[in-house]
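# give me coordinates for this.
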Amino acid sequence: MSETPRKIRVLFFAHLRELTGTRQLELEIQDGWTVADLKREMINRFPQLEKAMDHLIAAVNQNFAPDETAIPDEAEVAFFPPVSGGSEEKTIIGITEDELEIEKIQREITSESTGGICTFTGVVRGFSPEARFSRTEELEYEAYKPMAEKKMKEIADEIRARWEKVEGIAIVQRIGVARAGTSVVIVSCSGGHRDEGIFEAARYGIDRLKEVVPVWKKEIGPNGEEWIEGTYDPMQPGGG
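Numbering: from 1, shown residues only. Coordinates of the predicted model:
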């Protein structure tokens, strides 16, 4: 069965309009396309958009739209940079099945005033003598994604309340199966100077993530496999 074409309108704003040379265009897309598919098509049509694509925002019918958003027929899809004005704070939150791109994540929380970035990166250990299976071949991560991302945002808010000079915050967890030596979580904080709380904030972020973000892991080794449970109970007094 052939796919049914869908007619949509694409709008460009600010410097994206200048890069493409147009304010809007009409085009047909295939049934089932998402925002990610449309982004790839826009790069094919306008290669000069490729560098800007990582930072632009998409909206479908005037609602902010992540990459997995399906595009309906007769939709209006807008691409634009972050709006001007307001705070310079940058917060990156996410649960992903993709490989973590540490340098890219750090760039996203960097601004002209950034003088330092402190990053904690969690890596799958291949050997852990205190674990039930001393050798680990893989870890399998699972998350309750909507709640996990909500809790990550709360952690970022807690960091900003404690360390007012922290500028950018990134908290990203990888899920799925990851082999030993693979990076699976990053907590990164940027600021104007190393003495503005970025070390303490990054440490706090990973500690809180381990306490309150619903992410679980299963250790897989040559002698078997086992889901690992923590001991923190957020329902107890003082819990998250």
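# beta-bridge partners for the residue nearest to Thr119 when sequence neighbours are not counted, please?
The shortest distance from Thr119 to any non-neighbouring residue, by CB to CB, 6 or more residues apart in numbering, is to Ser188 (4.1 Å). Every residue, glycine included, has its C-beta placed from N, CA and C. Ser188 has the following beta-bridge partners by DSSP bridges: Thr119, Ala170.
# so how far is Leu56 from Ser188?
21 Å (CB to CB, to the nearest Å).
# who's more crowded, the two?
Ser188 (25 against 19; other CB atoms under 10 Å).
# pretty sure the more buried one sits against Ala170.
Yes - counting by CB atoms under 8 Å, Ser188 touches Ala170, with 4.2 Å between them.
# mind listing the shared neighbours of these two?
When contacts are counted by CB atoms under 8 Å, 6 or more residues apart in numbering, the set common to Ser188 and Ala170 consists of Ile105, Gln106, Ile109.
# which of those residues lies closest to Ile220?
Ile105 (26.4 Å; CB to CB).
# next up, the contacts around that closest one.
Contacts of Ile105 by CB under 8 Å, 6+ apart are Ile92, Ala170, Val172, Ile186, Ser188.
# ok, of those, which come out buried?
Ile92, Ala170, Val172, Ile186, Ser188 (16 or more other CB atoms under 10 Å).
# helix, strand or coil for the residue most central in space within the chain?
Residue closest to the mean C-alpha point of the chain, counted by CA atoms, centre = their mean, is Gly94 at 3.2 Å. Under DSSP: H, G, I helix; E, B strand; the rest coil, Gly94 falls in the strand class.
# that one is in contact with Gln173, isn't it?
Yes - if you go by CB under 8 Å, Gly94 and Gln173 touch, sitting 7.5 Å apart.
# who touches both of the two?
Joint contacts of Gly94 and Gln173 (CB under 8 Å, 6+ apart) are Met152.
# who touches the residue nearest to Thr119 in this structure?
For Ser188, the contacting residues are Ile105, Gln106, Ile109, Ile117, Cys118, Thr119, Phe120, Gly168, Ile169, Ala170, Ile171, Ala202, by CB under 8 Å, 6+ apart.
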